[in-house]
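Chemist: need a 3D model of the sequence below.
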Amino acid sequence: LGEDSKSYRVNTLAGPIIPVMNDDGGITVDMGEPILEGPKVPTTLEPNFDGDSVVEQTLECNGKTWKVSCVSMGNPHAVIFVDDLENDIDFASDGPALEAAPAFPAKINVEFVQVMADDHLKMKVWERGAGPTLACGTGACALTIAAIRAGKIPRVKTRVSLPGGDLFIEWKEEDNKVYMTGPATYAFEGEAKLP
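Modeler: Below you'll find the predicted structure:
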């Protein structure tokens, strides 16, 4: 990679990404264009918005009625807006029930979101196959897009607060791509033998 390199390419299951080191020590990643068509997310929820997409569509699950928006960033996300993240959901019960709901044939990542301000969202994520996690970059992107499409926030650079820290998400109109910016800190080093 080279310690002095400002960017490099990383191949992920959601496709290649190119992180760029910022002068302030943070990193910005071009996360690509969102997939908004419901059947491509995939979900069997009835499309109810422009372009065959699902925005705040009704879903009955776990004995509750939810308003679900679906977005894929290369992996599927169900975004649910709540008034209070601490009191409006039973995270340990609602998360896995929604993840495995029949409306999501490939299972789904579930983001519960509270709108704090026009440029600030707070989230909890139940990751598909993993359960609760401290952060989810594609989820932060998906929920920002869902908030804009549902008219909850304007299309501006948005702070997303996750249990593991803050990310800044921007969905640019000129190229329809989503850009994620966040801190970068040294976590570990190791060696691996490659074939």
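Chemist: list the contacts of the residue nearest to residue 47 when sequence neighbours are not counted.
Modeler: Spatial nearest neighbour of residue 47, excluding adjacent residues (C-beta to C-beta, 6 or more residues apart in numbering): residue 38 at 4.6 Å. Any C-beta I mention is one placed from the backbone N, CA and C, and that applies to glycine too. With contact set as C-beta atoms under 8 Å, 6 or more residues apart in numbering, residue 38 has these partners: 45-47, 52-54, 70.
Chemist: need the next SSE after the lengthiest helix in the chain, C-terminal direction.
Modeler: Longest among the helix segments of the chain by residue count, using DSSP state H, is helix 137-149. Towards the C-terminus, the helix or strand next in line after helix 137-149, according to DSSP states H and E, is strand 158-162.
Chemist: what pairs with that following strand, parallel or antiparallel?
Modeler: With DSSP bridges as the test, strand 158-162 is paired with strand 120-127 (parallel), strand 165-171 (antiparallel).
Chemist: pull the residues that contact that strand.
Modeler: So strand 158-162 is contacted by 116, 119-123, 125, 134-136, 140, 143-144, 147, 166-170 (C-beta under 8 Å, 6+ apart).
Chemist: among the residues you listed, which ones are buried?
Modeler: Buried members of the contacts of strand 158-162, counted by 16 or more other C-beta atoms under 10 Å: 121-123, 125, 135-136, 140, 143-144, 147, 167-170.
Chemist: compile the residues you listed into TSV and extend it with columns for distance to residue 110 and pLDDT.
Modeler: Converted to TSV, the buried ones among the contacts of strand 158-162 look like this (distance: C-beta to C-beta, whole Å; pLDDT from 0 to 100):
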residue	distance to residue 110	pLDDT
121	15	98
122	15	98
123	10	98
125	7	97
135	15	93
136	10	95
140	13	98
143	10	98
144	16	98
147	15	98
167	18	98
168	22	98
169	18	98
170	23	98
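Chemist: distance to residue 187 added to those, as a markdown table?
Modeler: Listed next are the buried ones among the contacts of strand 158-162 as a markdown table, based on distance: C-beta to C-beta, whole Å:
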| residue | distance to residue 187 |
| --- | --- |
| 121 | 25 |
| 122 | 24 |
| 123 | 22 |
| 125 | 20 |
| 135 | 13 |
| 136 | 17 |
| 140 | 19 |
| 143 | 25 |
| 144 | 25 |
| 147 | 29 |
| 167 | 16 |
| 168 | 20 |
| 169 | 22 |
| 170 | 25 |
